[in-house]
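Visitor: Sequence and predicted structure below; questions after.
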Amino acid sequence: MNKVLCIHNYYRFQSGEDIMFDKILKNFLSCGLDTILFIDRYKNNNFFQFLKRLIKNYTPYNYYLILSIIKKNKDIKFCYIQNTYPYISEKIIKLLVKNNIKIFFRISNYRFLCPNGLLYKKNQICKLCINSNLTNVIKFNCEKNYLKSLISYFHSKKLRNLIKINEINLIVQTKFQYDFYLNTNLISKNRIYILNNFIENNLKFKDIKIPFKNYFIMTGRDHPSKGFDFIINYFSQQKQYNLIVITNNPNKYKITKNIKYFNYLSREENLYLIKNSNGLIFNSRWLDIFPNILLEAMALNIPILSSSNESLKDILIKNKNCLMFKDNDNDSLFSVLREIQNNQLRNKIINKSKKLIFEKYSKKIFINNLSSIFT
């Protein structure tokens, strides 16, 4: 049986990346592939840990561990790499290529194209670095810290060199990403693959005390690209609606009677809060990849209230499986909050969501796509 070497940097506890890695890992066997794990656990995402990890990845430590794995397993045909953050050494890539191992990077951000990984600057989409000078990250201090911006520059420069290697392939999650990367002319069509996400059956829950009987929910890391400020400001003025916010920086925001904040929870606790909510509010402003939470809300029969997002147009379809509002438009948000109270409309959105999951995001379709890539 051919083997696949799976490399992943765990950098956030219970993150969507970890969940997706586990999904792919468990289904390689269904494709006739045995797996070998190389997991670099990294849960402290502060700046000093960032530097420590950076130093470690530029030392021979990981290289010799992977070299040992390759020597013991001559039947490794593929290497699946999830998450280029922190950093994977060029020396490791060259080692894999030398041993005729086909390499697949799963794309969870835009670090091959943009030093800060988001294509987002000054509260708007930014594509300056795609086909121009990567030093823009230093010029505009995109990381809001000049040392981090400098490190991001060198990392992005390295990734640009890696993407030129013929043995390196990209796995994206949507047709939008597929077209987006092809249009950069940095990679050929035969080296990029679409692998849609899927939702598991029998999602597990863990009870948690809920501060409201009726509420909407919003979750994600504290970053301007998530669009939290507009939503929170709106709910702080509209006291008739309750909101629960799950984020990594809950103390940043002012507490009001109708808004409660939670620090990051386990996935089971997150799902419990989503399952009991009136709707998931999603206001992502960057070219988002494919958040697990969207499929989770659909599977839990919870309607999604979203701002328009170009990169998710195949997943979030206005007035079919979600309601859409205009970002920074109070009247538009008020309108969808009122509309979702209509049971007939709510049921229509839930039924369309179920149909979409069955047609495009089932486990069977996922395994078929995974098998077609790793052949």
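Guide: Yes, it's here.
Visitor: Next one: the residue nearest to residue 184 when sequence neighbours are not counted from residue 121, what distance?
Guide: Leaving aside its sequence neighbours, residue 184 sits nearest to residue 130 (Cβ to Cβ, 6 or more residues apart in numbering; 5.6 Å). Any C-beta I mention is one placed from the backbone N, CA and C, and that applies to glycine too. For residue 130, the distance to residue 121 (Cβ to Cβ, to the nearest Å) stands at 13 Å.
Visitor: same check, this time on residue 254
Guide: 27 Å.
Visitor: What of residue 179?
Guide: Taken as Cβ to Cβ, the span from residue 179 to residue 121 is 22 Å.
Visitor: How about residue 190?
Guide: From residue 190 to residue 121 the distance is 32 Å (Cβ to Cβ).
Visitor: out of these two, which sits in the more crowded spot?
Guide: residue 121 (21 against 8; other Cβ atoms under 10 Å).
Visitor: so what's that one bridging to?
Guide: residue 124 (DSSP bridges).
Visitor: Distance check, it against residue 230.
Guide: 18 Å.
Visitor: the domain parsing of this structure - what is it?
Guide: 3-198+363-373, 216-360 (automatic domain parsing).
Visitor: first vs last residue of the last one, how far apart are they?
Guide: For domain 216-360, the separation between the terminal residues is 27 Å (Cα to Cα, to the nearest Å).
Visitor: Now do the helices in the stretch 51-200 of the chain.
Guide: 61-72, 90-98, 136-139, 146-162, 175-183 (DSSP state H, counting those that start in this stretch).
Visitor: Beta-bridge partners for residue 4, please?
Guide: Here residue 4, judged by DSSP bridges, has bridge partners residue 35, residue 78.
Visitor: Next, count neighbours for residue 286.
Guide: If we define neighbours as other Cβ under 10 Å, then residue 286 has 22 of them.
Visitor: So it: helix, strand or coil?
Guide: coil (DSSP: H, G, I helix; E, B strand; the rest coil).
Visitor: same question, residue 39
Guide: With three-state DSSP as the criterion, residue 39 was assigned strand.
Visitor: check contacts around the closest residue to it other than its chain neighbours.
Guide: Nearest residue to residue 39 in three dimensions, chain neighbours excluded: residue 8, at 5.4 Å (Cβ to Cβ, 6+ apart). Applying Cβ atoms under 8 Å, 6 or more residues apart in numbering, we find residue 8 in contact with 17, 21, 37-40, 81-83.
Visitor: Please indicate which of those residues are buried?
Guide: Among the contacts of residue 8, the ones that count as buried by 16 or more other Cβ atoms under 10 Å are 17, 21, 38, 40, 81-83.
Visitor: Is it possible to get JSON lines of those residues that adds distance to residue 303 and pLDDT?
Guide: Listed next are those as JSON lines, based on distance: Cβ to Cβ, whole Å; pLDDT from 0 to 100:
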{"residue": "17", "distance to residue 303": "26", "pLDDT": "73"}
{"residue": "21", "distance to residue 303": "29", "pLDDT": "86"}
{"residue": "38", "distance to residue 303": "40", "pLDDT": "86"}
{"residue": "40", "distance to residue 303": "38", "pLDDT": "63"}
{"residue": "81", "distance to residue 303": "36", "pLDDT": "91"}
{"residue": "82", "distance to residue 303": "30", "pLDDT": "84"}
{"residue": "83", "distance to residue 303": "31", "pLDDT": "71"}
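Visitor: Among the residues you listed, which one sits closest to residue 101?
Guide: Within the buried ones among the contacts of residue 8, the smallest distance to residue 101 is 11.0 Å, found for residue 81 (Cβ to Cβ).
Visitor: ok, that closest one to residue 104 distance?
Guide: 7 Å.
Visitor: With residue 251 instead?
Guide: The value you get for residue 251 to residue 104, if Cβ to Cβ is used, is 39 Å.
Visitor: Of those two, which one has the most company?
Guide: More crowded of residue 251 and residue 104, by other Cβ under 10 Å: residue 104, with 22 against 9.
Visitor: ok, now which ones touch the more buried one?
Guide: Going by Cβ under 8 Å, 6+ apart, the list of residues near residue 104 reads 78-81, 169-171, 193, 373-374.
Visitor: now those residues: which count as buried?
Guide: The buried subset of these - by 16+ other Cβ under 10 Å - is 78-81, 169-171, 193, 374.
Visitor: contact partners of stretch 348-366?
Guide: Residues contacting stretch 348-366 (Cβ under 8 Å, 6+ apart): 23, 27, 195-201, 295, 297-299, 301-304, 315, 317, 320-323.
Visitor: Mind doing that once more with 6 Å?
Guide: Contacts to stretch 348-366, defined as Cβ atoms under 6 Å, 6 or more residues apart in numbering, come from residues 196, 198-199, 295, 298, 301, 303, 320-321.
Visitor: do the same with stretch 184-199
Guide: Residues contacting stretch 184-199 (Cβ under 6 Å, 6+ apart): 130, 163, 169-173, 178, 181, 290, 295, 299, 357, 361, 363, 366, 369, 373.
Visitor: ok, now stretch 119-137?
Guide: By Cβ under 6 Å, 6+ apart, stretch 119-137 touches 110, 113-115, 142, 149, 152-153, 156-157, 184, 224-225, 286-287.
Visitor: of all those, which two lie farthest apart?
Guide: Largest pairwise distance in the contacts of stretch 119-137, by Cβ to Cβ, is 25.3 Å, between 157 and 224.
Visitor: So which of the two has more stuff around it?
Guide: residue 224 (15 against 12).
Visitor: ok, the more buried one - contacts?
Guide: residue 123.
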